[in-house]
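*Asks:* dropping a prediction and its sequence here:
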Amino acid sequence: MEQISKRLMNWASILEDQTREQALLTSRMPFIYPHLALMPDAHLGKGATVGSVIPTLGAVIPAAVGVDIGCGMMAVRTQHHVGDLPASRQALHAAISAAIPLSAGKYNNAMYSAGTTARISALEEMAGVEQAQATAPNWRMQLGSLGSGNHFIEVSLDETDHVWLFLHSGSRGVGNKLAMKHIGVAQRQCERRWIALPHRDLAYLVEGEPEFWSYMEALRWAQRFAYLNREEMMHRVIDSFEKWAGPVQRVEEINCHHNYTSRERHFGKDVWLSRKGAIDAAPGVRGLIPGSMGAKSYVVTGTGNRLALNSSPHGAGRNHSRSAAKRLFTREDLDTRMAGIEWGNSDAFLDEHPDAYKDIDIVMHDAADLVRIDHALRQIVNVKGD
């Protein structure tokens, strides 16, 4: 761990100058308490650094939560062993791709099951649904869809060759629109008060004011949507897997956010803790840290590092922008890196090339005092939206 300043602790051995400066800027906001913690996968983000843990007193910065509210991972360990599986995995990739809408702007056109209806009903009963309805009237059709970018559905094997089903997604278009709405509210609030911000995306909402509680209501709703979205997709993945390889027993199951805000107590005070690209790593809390496309992922248990505000990294963290990755890497190289994995075989995934991200082994080495590794997973099927 490196103490960059009194208000900035850093666990990233790979840290670009721009990322360091962005984190320093956020750490100087007057309501940060006691300090901002940078995770090993830290990289440049909108307003605040991705891979940062931001505790605040009496205020919240909406852009420091992220625009994909509630984004996170879910994994299920099955009883299946690699030896139980059919030799060809192409049919499974096709089945998952058919059951779950992939890519930005792709949604369901019908209810998938009674379970889908029940999840939607639960969201309809939550405070915040009125904001969701006004912002994205088709939010019901978004439940159970993946999105694009670094979101994925994977079938993986652990160190004993047992099968895990693993996925990564968030609150989709509805969460993004809610986030952008409240980022705009925060910016207008600060402008009206003539508050000089170091960056426009560090605009904040003040606890106790109606705008603050309106955001918290939307935030909690979107976080729940994201959680249930992962449950819904996992239900469909299991259906697809069962038709391909037989019944699934959920031996282990983990569902965790990595873009969210919660009320927590740290260093003697109750704070609003925003994890933007970080997971809860309190003592005994299970978590998921995926690598890049084609790389290993990890199932972990938190160690409860106090200085890290009980947090750990959420993944590998980008090393190159999407446009740079498309210039740097070739389809031939991606084919080589994805050998042995059933994937989409498309040039559209060049920006997800493994080397567009930090080395997950370095990230996990940096996180050695934040989590204990329970399982290391390697992919055999990778489904993504383009």
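*Replies:* Good, I have the coordinates. Residues are numbered from 1 along each chain as shown.

*Asks:* the spatially closest residue to residue 158 that is not a sequence neighbour in helix, strand or coil?
*Replies:* Excluding its sequence neighbours, the residue lying closest to residue 158 (CB to CB, 6 or more residues apart in numbering) is residue 375, at 4.5 Å. For every residue, glycine as well, the C-beta is placed using N, CA and C. For residue 375, the assignment made with DSSP: H, G, I helix; E, B strand; the rest coil gives strand.

*Asks:* could you give the bridge partners of residue 375?
*Replies:* Beta-bridge partners for residue 375, by DSSP bridges, are residue 299.

*Asks:* now do the helices in the stretch 251-386 of the chain.
*Replies:* Secondary structure of the stretch 251-386 of the chain by DSSP state H, counting those that start in this stretch: the helices cover 322-328, 331-337, 360-366.

*Asks:* scratch that, the stretch 101-250 of the chain
*Replies:* Under DSSP H, counting those that start in this stretch, the stretch 101-250 of the chain gives helices at 114-124, 129-135, 139-142, 172-192, 210-245.

*Asks:* out of these, the one nearest residue 252 is which?
*Replies:* When these are compared by CB to CB, helix 210-245 sits nearest residue 252, at 12.6 Å.

*Asks:* in that closest one, which residues are buried?
*Replies:* 212, 214-241, 244-245 (16 or more other CB atoms under 10 Å).

*Asks:* ok, the residue nearest to residue 158 - contacts?
*Replies:* Residue 375 makes contacts with 77, 158-159, 164, 298-299, as judged by CB atoms under 8 Å, 6 or more residues apart in numbering.

*Asks:* could you do residue 55 as well?
*Replies:* Contacts of residue 55 (CB under 8 Å, 6+ apart): 32-36, 264, 266, 271-274, 309.

*Asks:* closest to residue 347 among those?
*Replies:* residue 274 (36.0 Å).

*Asks:* pretty sure the closest one is touching residue 62, no?
*Replies:* No - Residue 274 is not in contact with residue 62 according to CB atoms under 8 Å; the separation is 9.1 Å.

*Asks:* between those two, who's got more neighbours?
*Replies:* Per other CB atoms under 10 Å, whichever of residue 274 and residue 62 has more neighbours is residue 62, with 30 against 25.

*Asks:* okay, the more buried one and residue 174: tell me how far apart.
*Replies:* Using CB to CB, to the nearest Å, one obtains 15 Å as the distance from residue 62 to residue 174.

*Asks:* for residue 181, same thing?
*Replies:* 11 Å.

*Asks:* and for residue 97?
*Replies:* 23 Å.

*Asks:* kindly report the same for residue 101.
*Replies:* Taken as CB to CB, the span from residue 101 to residue 174 is 14 Å.

*Asks:* what of residue 249?
*Replies:* 33 Å.

*Asks:* same drill for these two, tell me which one is more crowded.
*Replies:* Remark: of residue 249 and residue 174, residue 174 carries more neighbours, 27 against 9, as counted by other CB under 10 Å.

*Asks:* list the residues that contact that one.
*Replies:* By CB under 8 Å, 6+ apart, residue 174 lies in contact with 132, 135-136, 139, 142, 222, 225.

*Asks:* between those residues, which sits nearest residue 45?
*Replies:* residue 222 (17.9 Å).

*Asks:* which residues in the stretch 1-150 of the chain form strands?
*Replies:* 2-5, 8-10, 36-43, 50-56, 59-60, 72-81 (DSSP state E, counting those that start in this stretch).

*Asks:* from those, which stretch is densest packed?
*Replies:* Ranked by mean neighbour count, the strands of the stretch 1-150 of the chain are led by strand 36-43 with a mean of 29 (mean count of other CB atoms under 10 Å).

*Asks:* what is it packed up against?
*Replies:* strand 8-10, helix 17-27, strand 50-56, strand 311-313, helix 360-366 (3 or more CB pairs under 8 Å, 6 or more residues apart in numbering; DSSP states H and E).

*Asks:* got a list of contacts for the last one?
*Replies:* When you say that, I think you mean helix 360-366. Helix 360-366 is contacted from outside by 11-14, 40-41, 289, 291-292, 295-298, 313, 315-317, 373, using CB under 8 Å, 6+ apart.

*Asks:* ok, of the residues you listed, which come out buried?
*Replies:* Buried members of those, counted by 16+ other CB under 10 Å: 11-12, 14, 40-41, 289, 291-292, 295-298, 313, 315-317.

*Asks:* and which of these is nearest to residue 258?
*Replies:* Each of those was scored against residue 258 by CB to CB, and residue 315 proved nearest at 7.7 Å.

*Asks:* where does the nearest residue to the closest one once chain neighbours are set aside fall, phi/psi-wise?
*Replies:* Excluding the flanking residues, the one nearest residue 315 by CB to CB, 6+ apart is residue 290, at 5.1 Å. Per-residue torsions, residue 290: phi -80, psi 150 (degrees, to the nearest 10).

*Asks:* what's the burial count for residue 194?
*Replies:* Using other CB under 10 Å as the criterion, residue 194 is surrounded by 6 other residues.

*Asks:* could you do residue 197 as well?
*Replies:* Summarising burial for residue 197: neighbours were counted as other CB under 10 Å, giving 17.

*Asks:* just residue 312 next, same as before
*Replies:* When neighbours are counted by other CB under 10 Å, residue 312 registers 34.

*Asks:* isn't it right up against residue 372?
*Replies:* No - with contacts counted by CB under 8 Å, residue 312 stays clear of residue 372, the gap being 10.2 Å.
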